[in-house]
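*Asks:* Sequence first, predicted coordinates after that:
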Amino acid sequence: MAELCLKLHPKDTVSILAGRADKGDTPLGFGVPLEAPVTRGHKIANTDIPEGGGIFKFGQLIGYAARDIKAGEHVHVHNCTFGDHGRDYEIGADLEAARAAIPEVAPRTFMGYRRADGSAGTRNYIAICGTVNCSATVIRRAADIINHSGILDKYPHVDGVAAFAHGTGCGMANSGPGFDNLQRVLWGYATHPNVGAALFVGLGCEQMQLARMREIHGEMDESRFFMMTIQENGGTQKSIDKIVDHIKALLPKVDEARRVEIPVSELKLALQCGGSDGFSGITANPALGIASDLLVGMGGTVVLSETPEIYGAEQLLLRRAASKEVAEKLLARIKWWEEYTEVNHGSMDNNPSPGNKQGGLTTILEKSLGAVAKAGSTPLMDVLEYGEQIREKGLLFMDTPGYDPVSATGQIAGGAQILCFTTGRGSAFGSKPTPTVKVATNSALYASMPDDMDLNCGDILSDGADLHKKGEELLDYLIATASGQKTKSEALGLGDNEFVPWQVGATM
């Protein structure tokens with residue numbers, strides 16, 4: 001049975017089960033027999049751990065023993081609790097090692113769309129952006145009419161019409177974080193390099209006024225961006241008709257776009273994980289970390305996010321912060337989240353979710369340590385606000401919630417043209433206008449959800465696949481996707497409903 005257990009670091013007090021263990025088994029080859037069956041991905045105590053003692057995985061603290069734990073026991077929510085993870089941050093301590101970790105990689109290219117403003121896209125959509133929930137039905141119906149009419153068959157270089165509807169835009173403060181989040185997201189989607197033309201549609205009397213957005217962001221290229229309101233158009237049906245006619249007129253021009261060779265250094269990769277399990281931090285996330293490092297080595301950009309899901313692992317990022325200012329930005333966001341959850345009667349240990357726990361994750365500290373592995377080993381160059389435009393190269397962090405659709409919406413608004421999503425429990429996530437590549441952390445998931453999973457990293461454990469080569473394979477897949485290869489989520493038509501801007505503040 002001992003080959004079933006994976007000890008990830010010499011300091012660890014737990015090992016991970018690579019396969020199921022039955023009642024009465026001793027997976028370590030010593031210690032007390034299991035009192036009940038334990039599924040793969042869960043933890044077994046390597047040694048006796050006294051009540052209150054620290055429990056370590058990845059060489060890092062993941063929780064505390066709620067009672068005395070014997071060597072060989074199953075370690076999970078029944079005997080492991082969340083607690084303080086310490087704040088003795090050593091800012092920049094690993095910066096030189098992080099700089100040395102940037103690999104020397106030969107430059108590569110992908111086939112993308114070169115926009116008039118110089119940006120590079122991986123897809124060519126027409127976007128309809130609702131400024132308020134009142135215009136949601138109008139834009140969705142207009143997009144459905146175009147997408148199901150057959151007219152797009154005449155325009156093979158247009159990927160489709162995407163309606164970006166949401167649940168806010170009014171009944172909100174006209175300034176502050178909530179307003180700023182929404183206007184950055186709407187503008188970021190409309191001006192995204194994966195969008196060939198965009199149309200803003202409002203009701204007319206909402207807080208998120210089109211004229212106000214123009215004041216904030218400046219004049220628009222009126223050959224690519226358009227605005228209208230339902231009230232000015234004369235109502236719902238007239239607005240739908242007008243949008244459909246307008247898009248029909250746009251299609252020939254948008255279809256003129258052609259893919260050209262573009263340096264991979266212009267790619268901005270969004271990193272996501274959801275439906276995580278005990279293998280996420282062992283297989284798919286480290287493989288994505290290798291792909292991230294390779295992309296940074298080519299001069300590209302990777303964007304980590306989900307602030308509540310790096311909680312307990314922030315020290316790993318702070319140790320390789322490129323400057324004190326970058327570190328202070330991250331610490332400010334951690335403090336904000338602690339205050340935000342307290343005011344709303346929540347806890348930073350809100351995650352892992354029930355599914356995460358079934359997959360073997362016990363505390364947010366454990367989940368975060370696995371999640372940060374997606375970001376690789378290079379220096380942390382900047383910390384961005386939600387939906388803020390991505391301008392720096394290298395590894396960046398964007399402040400977002402851990403909820404996948406909200407987090408990804410912010411990254412895409414910032415300009416990410418491709419997204420990679422690792423999952424151990426399974427996910428039905430997709431995104432527009434940025435394609436999502438979904439990666440399985442275990443081979444059983446890859447076999448059970450073949451229509452959703454693009455790539456399998458479970459073979460790192462099940463078949464002994466080389467982790468570094470798997471990272472290279474993942475990067476190859478991402479570059480092929482950036483060049484037009486369709487993902488599983490695109491084939492399923494996912495992506496419109498995953499547009500979920502982060503609402504902060506009172507609904508009034």
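*Replies:* That came through, no problem.

*Asks:* only C-alpha atoms for contact and neighbour calcs from this point on.
*Replies:* OK.

*Asks:* Where does pLDDT dip in this structure?
*Replies:* The chain contains residues with pLDDT under 70 at 1-3.

*Asks:* the longest strand in it is where?
*Replies:* Assignment by DSSP state E gives strand 195-202 as the longest strand of the chain.

*Asks:* Give me the buried positions along that one.
*Replies:* 195, 196, 197, 198, 199, 200, 201, 202 (16 or more other CA atoms under 10 Å).

*Asks:* again, but for stretch 131-149
*Replies:* Neighbour-count burial for stretch 131-149 flags 131-136, 138-143, 145-147 (criterion: 16+ other CA under 10 Å).

*Asks:* Of these, which belong to helices?
*Replies:* Of the buried residues of stretch 131-149, the ones assigned to helices by DSSP state H are 136, 138, 139, 140, 141, 142, 143, 145, 146, 147.

*Asks:* Could you break this structure into its assigned domains?
*Replies:* The domain map for the chain lists 1-81, 125-256, 261-491, with the assignment taken from automatic domain parsing.

*Asks:* Which of the ones you listed sits closest to residue 506?
*Replies:* Between residue 506 and the domains of the chain, the tightest spacing by CA to CA is seen for domain 125-256, at 6.5 Å.

*Asks:* Off-centre distance for the closest one?
*Replies:* 24 Å (CA atoms, centre = their mean, to the nearest Å).

*Asks:* start to end distance for that domain?
*Replies:* End-to-end distance for domain 125-256: 12 Å, by CA to CA, to the nearest Å.

*Asks:* Contacts for stretch 101-118, please.
*Replies:* With contacts defined as CA atoms under 8 Å, 6 or more residues apart in numbering, stretch 101-118 is touched by 120-124, 193-194, 257-265, 293-294, 296-298, 377-378, 479-480, 482-484.

*Asks:* For those, which ChimeraX command selects only the ones that are buried?
*Replies:* To isolate the buried members of the contacts of stretch 101-118 in ChimeraX, using 16+ other CA under 10 Å:
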select :120,121,122,123,124,193,194,257,259,262,263,264,265,293,294,296,297,298,377,378,479,482,483,484
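
*Asks:* Which ones among the contacts of stretch 101-118 map onto strands?
*Replies:* Residues of these located in strands (DSSP E): 120, 121, 259, 260, 261, 262, 263.

*Asks:* Distance of the third one relative to residue 42?
*Replies:* Shown here: residue 259 relative to residue 42, a distance of 46 Å by CA to CA.

*Asks:* Please apply the same query to the fifth one.
*Replies:* Here the criterion is CA to CA. By it, residue 261 lies 46 Å from residue 42.

*Asks:* Over to the first one?
*Replies:* Applying CA to CA, one obtains 43 Å for the distance of residue 120 from residue 42.

*Asks:* same thing with the second one?
*Replies:* Between residue 121 and residue 42 the computed distance is 41 Å (CA to CA).

*Asks:* now swap in the last one and tell me
*Replies:* Separation of residue 263 from residue 42 (CA to CA) stands at 42 Å.

*Asks:* hmm, back to that, of all the ones in strands among the contacts of stretch 101-118, which two lie farthest apart?
*Replies:* Among the ones in strands among the contacts of stretch 101-118, 259 and 263 lie farthest apart (CA to CA), at 12.5 Å.

*Asks:* thinking again about what came up before, so which of the buried residues of stretch 131-149 comes closest to residue 349?
*Replies:* Using CA to CA, these come closest to residue 349 at residue 133, 31.8 Å.

*Asks:* quick one: what helix or strand has the nearest residue to the closest one once chain neighbours are set aside in it?
*Replies:* Spatial nearest neighbour of residue 133, excluding adjacent residues (CA to CA, 6 or more residues apart in numbering): residue 167 at 4.9 Å. Using DSSP states H and E, residue 167 falls within no helix or strand.

*Asks:* was I right about residue 167 contacting residue 135?
*Replies:* No: Residue 167 is beyond contact range of residue 135, at 9.9 Å (criterion: CA atoms under 8 Å).

*Asks:* Residue 396: neighbouring residues, count only.
*Replies:* The number of residues packed near residue 396 is 24, by other CA atoms under 10 Å.

*Asks:* Does the host helix or strand of it pack against any helices or strands, and if so which?
*Replies:* Under the criterion of DSSP H and E, residue 396 resides in strand 394-398. Here strand 394-398 touches strand 301-304, strand 380-384, going by 3 or more CA pairs under 8 Å, 6 or more residues apart in numbering; DSSP states H and E.

*Asks:* Specify the next element, helix or strand, located C-terminal of the first one.
*Replies:* Later in the chain than strand 301-304, the nearest helix or strand by DSSP H and E is helix 314-318.

*Asks:* ok and whatever helix or strand comes next after that following helix relative to strand 380-384, angle-wise?
*Replies:* As assigned by DSSP H and E, the chain's next helix or strand after helix 314-318 is helix 324-343. For helix 324-343 against strand 380-384, the angle by axes from the mean of the first three to the mean of the last three CA atoms, to 10 degrees is 40 degrees.

*Asks:* chain center to helix 324-343: distance?
*Replies:* Distance, centroid of helix 324-343 to centroid of chain: 19 Å (CA atoms, centre = their mean).

*Asks:* which parts of the helix or strand that it is followed by are buried?
*Replies:* Once helix 324-343 ends, the next helix or strand along the chain (criterion: DSSP H and E) is helix 354-358. Neighbour counts using 16+ other CA under 10 Å place 355, 356, 357, 358 of helix 354-358 among the buried residues.

*Asks:* Give the other helices and strands that helix 354-358 contacts.
*Replies:* Using 3+ CA pairs under 8 Å, 6+ apart: helix 354-358 touches no other helix or strand.

*Asks:* any residues touching that helix, and which ones?
*Replies:* Contacts of helix 354-358 (CA under 8 Å, 6+ apart): 275, 276, 277, 278, 362, 425.

*Asks:* cutoff 7 Å now
*Replies:* 275, 276, 277 (CA atoms under 7 Å, 6 or more residues apart in numbering).

*Asks:* cool, stretch 210-218 as well?
*Replies:* Applying CA under 7 Å, 6+ apart, the external contacts of stretch 210-218 come out as residue 183.
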